[in-house]
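Enquirer: Have a look at this prediction, sequence included:
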Amino acid sequence: MSLILKNVSKTFVGKLVVDNISFNIEKPGVFGLLGTNGAGKTTTIRMLLGIIKKDNGEITWKGKAVDRKNVNFGYLPEERGVYPKIKILDQLLYFAELKGMNKNDAMESINKWAKKLKVEEYLQMPAEKLSKGNQQKIQFMTAIIHNPELVVLDEPFSGLDPVNTEILKNIIIDLVENGKYVIMSAHQMATIEEFCSDILILNKGETVLQGNLKQIKETYPANRVEIDVKQNIDNYIKEFDLKIENVTNNNYNIKISEEEKAHQLLNKLISTGIKVDKFEIKKPTLNDIFIEKVGE
Amino acid sequence: MKDIITVMKFTIKDMIKRKSFIISTLIILVLIVIGFNIPNMIKSFKGENTGDKFLIVDNDNVFEGNLELLKQANLGYDVEIEKADFDEIKQKIENEEIAEAIMIEKKENNIKIRYIVENTNMMTEVPENIVYSINSLYSNIQISKLGLTEEQLQTIAPNLEFSLEQTNEEEVNGNIFVIMLMSIVLFYAIYFCAYQVSSSITTEKTSKIMETLVTSTSPKTIVLGKTLGIGIVGLLQMILIVGTALISAKAFLEAELLDTVLDMSNITVYLGIITIIYFILGYFTYALLYALTGSTVSKPEDIQSANGPVAILAIVGFYLSYFTMMNPTSELNIFASLFPISSPFCMPFRIMMGLASGKDVVISIMILIVTILVIAKVAIKIYSNAILNYGKKISFKDIIKMYRDK
């Protein structure tokens, strides 16, 4: 067991923001921490980073209680921030020094990550001259510059273009391959599905769902079918009393309550001579599960 | 400790590299040098000998040729005696050949003395020394005509000697107005320096860098490192400014003029060290209060209202010191020199005036240090809780709750 949170709660200025949550991260990988705005994700992250004190419970990293002094985690906050007037290199050196690195090691690490993130040309510029995406990459560098064992990434891809998103994704995959623990919080459920083996969903400070993502999804029955045909099949769908979720160029996404009805629809289409290019019965996505769990 | 030095070094580097800081410091220094050169500049502009000429016109010979005696009366003017009419005098004033003139005219039984200047905006009456000099010159001329004996003369014009004395045994050294002016300088130095701490913290909050910073080091380290860094830059800036002022005063002001405003013998190494100590302690008192208020806002437009209470405290402290300094031997001034919000603006000048004993200074410094420790404890605690709050401005009630929170 590496990171353990056990019965952790936090009240902030009279309001209970995290209510008795527990989870473990046992091996290197990406752990998804999900929740709506104000669900208590950031407070949970701040507690496990040792920035704020918990009211109750236990947080341990490799058997030792987490305290700001004895952990050196990396953190990319949701609130993006850099010193606007200060040269990028000076900012990076400052944070590296605060994280206990000497100048030579810091320079080596800065050069390595600047190359990977393709920001070498910006190191001598003040941050205000950089685009938002590049500022974000610089902030990502401050999170990992000191080679931490655990990195918390809060919305790492928001605001990045597809090219930069790909660069960052590859770096996260690299981190995991190198035995790092990553906790990721994101609102794009597709991203979480792509990276995370385990997840926890918070709602109003309480855990509403947690566990292995694959196992969670298996407990849910199929809830939609995708059919790709060359003609309009609205009438047949109505005949079986099914509801179209969306349709584009005769590619139908249809809600189903039981798989049997989807098969009956397929048989009907084939028997009437309609050519079916694609027929796929689908399990609910993480997005569906999330909305079901936290939607009002 | 290592992190405090890292934060301090980063803060110093950030401050002294800022264009606004470099330019404003240079402007202040240039203004000081120019300011002390103004008397010289006026002199060279007007020419060394043209001075302020003062013309006396006695067309009716009322003073019977005795006006030459006024030249020796040290009226502060270069006195000239000529015959001229009003239009000629007007012309001379307009041409700046003379600064002022006196026209003596005999009208029936009266003697009319017209004091003529370019404009009377700043004057309400004829300067007293001129009235006195002319009066006594005229009296002396008339008395001498009476053929009185030496004794009779002395009874008519006794040599009355006036002096100003005080009953209080404590003697006050130095020009009180200059000391008050220096108190204002010290107040502004402390106040603006401390204010920087607040704006620096709010900038870190508004630029959202705080979250990254606070994961890299503790809030206590940030507050102390930042306060130290800004304080060192402020202290060096103040030493540079005061040093430039003192050097400029010595180099450019005439010794006589300098002596009338400031007794340089009062400026001792002891006073310098004490002033620096009070600057540092005063700065810490207000800087930590500003760290507290600065951490409670997350939008730049809220800084003013959040800092209001500290500004009021500073102004109360300053005026308590400033107004009681007019009566430096009063008990209220002694109180101001011990009370922590006013002592930094008061005690250095009580020392300069020779009114504070070593014991007073030690007590005052101890009170300030205890106050700073208490403020530091509260400020760091609230800062730690408030810096990550990005919502609306935190109310006083919330601040108290935060302090009570674990």
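Expert: Ah, there it is.

Enquirer: Quick check: closest non-adjacent residue to the residue of the stretch 51-200 of chain A found nearest chain B.
Expert: In the stretch 51-200 of chain A, the residue that lies nearest chain B is A:G81 (3.0 Å; Cβ to the nearest Cβ). In this view, the C-beta of every residue, glycine as well, is placed from N, C-alpha and C. Excluding the flanking residues, the one nearest A:G81 by Cβ to Cβ, 6 or more residues apart in numbering or on different chains is B:K208, at 3.0 Å.

Enquirer: what secondary structure does the one you found sit in?
Expert: coil (DSSP: H, G, I helix; E, B strand; the rest coil).

Enquirer: give me the element A:D277 is part of.
Expert: Assessed by DSSP states H and E, A:D277 sits inside strand A:276-282.

Enquirer: And the contacts of that strand?
Expert: For strand A:276-282, the external contacting residues (Cβ atoms under 8 Å, 6 or more residues apart in numbering or on different chains) are A:222-230, A:251, A:256, A:259, A:262, A:266, A:269-270.

Enquirer: likewise stretch A:230-247?
Expert: A:224, A:227, A:250, A:252-256, A:261, A:264-265, A:268-269, A:272, A:274-275, A:277.

Enquirer: which parts of it are buried?
Expert: A:233, A:236-237, A:242 (16 or more other Cβ atoms under 10 Å in any protein chain shown).

Enquirer: just to revisit the earlier point, narrow the contacts of strand A:276-282 to those that are buried.
Expert: Buried among those (16+ other Cβ under 10 Å): A:223-225, A:227, A:229, A:256, A:262, A:266, A:269.

Enquirer: Closest to chain B out of those?
Expert: Nearest member of the buried ones among the contacts of strand A:276-282 to chain B, counting by Cβ to the nearest Cβ, is A:N223, at 37.9 Å.

Enquirer: now, the most widely separated pair of the contacts of strand A:276-282?
Expert: Pairwise distances across those (Cβ to Cβ) peak at 25.6 Å, for the pair A:N223 and A:K230.

Enquirer: And the helices in chain A, which stretches?
Expert: A:41-48, A:88-98, A:103-116, A:132-144, A:162-177, A:189-195, A:213-218, A:234-239, A:259-271, A:286-294 (DSSP state H).

Enquirer: Could you identify which of the ones you listed is most buried?
Expert: A comparison of these by mean neighbour count, using mean count of other Cβ atoms under 10 Å in any protein chain shown, puts helix A:41-48 on top with a mean of 24.

Enquirer: The residue in chain B positioned nearest to chain A: neighbouring residues, count only.
Expert: Closest contact between chain B and chain A, by Cβ to the nearest Cβ, is at B:K208 (3.0 Å). Applying other Cβ atoms under 10 Å in any protein chain shown, we find 18 residues neighbouring B:K208.

Enquirer: what does A:K85 give?
Expert: Neighbour tally, A:K85, other Cβ under 10 Å: 14.

Enquirer: Excluding chain neighbours, give the residue nearest to it in space.
Expert: A:K85 sits nearest to A:P126 (Cβ to Cβ, 6+ apart), 5.5 Å away.

Enquirer: Quick one: residues contacting that neighbour.
Expert: A:84-88.

Enquirer: and those as TSV, adding pLDDT?
Expert: TSV is the format used below for the contacts of A:P126 (pLDDT from 0 to 100):
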residue	pLDDT
A:P84	86
A:K85	86
A:I86	89
A:K87	92
A:I88	93
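
Enquirer: give me the number of residues near the nearest residue to B:P300 once chain neighbours are set aside?
Expert: Once flanking residues are discounted, B:P300 sits nearest to B:T206: 5.7 Å by Cβ to Cβ, 6+ apart. Counted with other Cβ under 10 Å, residues neighbouring B:T206 total 19.

Enquirer: Can you tell me how far B:T206 is from B:D14?
Expert: 16 Å (Cβ to Cβ, to the nearest Å).

Enquirer: try B:M1
Expert: Taken as Cβ to Cβ, the span from B:M1 to B:D14 is 20 Å.

Enquirer: ok, these two, which is more surrounded?
Expert: B:D14 (21 against 8).

Enquirer: give the contact list for the residue nearest to that one when sequence neighbours are not counted.
Expert: Excluding its sequence neighbours, the residue lying closest to B:D14 (Cβ to Cβ, 6+ apart) is A:I86, at 6.1 Å. Taking Cβ under 8 Å, 6+ apart, we find A:I86 in contact with A:126-127, B:14.

Enquirer: Counting only strands, which of those make the cut?
Expert: Judged by DSSP state E, the subset of the contacts of A:I86 located in strands is empty.

Enquirer: any idea which of those residues is closest to B:L235?
Expert: B:D14 (16.6 Å).

Enquirer: The closest one against A:Y83, yeah?
Expert: Yes: counting by Cβ atoms under 8 Å, A:Y83 is a contact partner of B:D14 at 7.5 Å.

Enquirer: OK, contacts around the residue nearest to A:R68 when sequence neighbours are not counted?
Expert: Using Cβ to Cβ, 6+ apart and skipping residues adjacent in sequence, the residue nearest A:R68 is A:G50, 3.8 Å away. By Cβ under 8 Å, 6+ apart, the residues touching A:G50 are A:66-69, A:71.

Enquirer: can you do 6 Å?
Expert: A:66-68, A:71 (Cβ atoms under 6 Å, 6 or more residues apart in numbering or on different chains).

Enquirer: same deal with B:N110?
Expert: B:N110 neighbours (Cβ under 6 Å, 6+ apart): none.

Enquirer: Need phi/psi at it.
Expert: phi -100, psi 160 (degrees, to the nearest 10).

Enquirer: Relative to B:G308, how far out is it?
Expert: For B:N110 relative to B:G308 (Cβ to Cβ), the value is 64 Å.

Enquirer: Quick check: closest non-adjacent residue to A:L76.
Expert: A:A143 (4.3 Å).

Enquirer: Kindly report the same for B:P344.
Expert: The nearest residue in space to B:P344 (Cβ to Cβ, 6+ apart) is B:G282, at 2.7 Å.

Enquirer: my guess is the one you found contacts B:I190, does it?
Expert: Yes: the pair B:G282 and B:I190 qualifies as a contact (Cβ atoms under 6 Å) at a distance of 4.4 Å.

Enquirer: For chain B, what lies in contact range of chain A?
Expert: Residues of chain B lying close to chain A (Cβ under 6 Å from any Cβ of the partner chain) are B:3, B:6, B:10, B:207-209, B:211-212, B:214-217, B:398, B:401, B:406.

Enquirer: Mind doing that once more with 8 Å?
Expert: B:3, B:6-7, B:10, B:13-14, B:18, B:204, B:207-218, B:385, B:388, B:390, B:398, B:401-402, B:405-406 (Cβ under 8 Å from any Cβ of the partner chain).

Enquirer: quick one: which of those residues sit in strands?
Expert: Using DSSP E, none of the residues of chain B next to chain A sit in strands.

Enquirer: are any of those residues buried, and which?
Expert: B:3, B:6-7, B:10, B:14, B:204, B:207-218, B:385, B:388, B:398, B:402, B:405.

Enquirer: By mean pLDDT, which helix or strand of chain B comes out lowest?
Expert: helix B:255-261 (a mean of 68; mean pLDDT, DSSP states H and E).

Enquirer: Give me the pLDDT for B:L75.
Expert: The score at B:L75 is 66. That number is its pLDDT.

Enquirer: Please identify the buried residues of the helix or strand hosting B:N129?
Expert: Assigned by DSSP H and E, B:N129 belongs to helix B:128-146. For helix B:128-146, the neighbour count (16+ other Cβ under 10 Å) marks B:130, B:133-134, B:137-138, B:141 as buried.

Enquirer: Might you calculate how far that helix sits from the centre of the chain?
Expert: 41 Å (Cα atoms, centre = their mean, to the nearest Å).

Enquirer: No further queries at this time; thank you.
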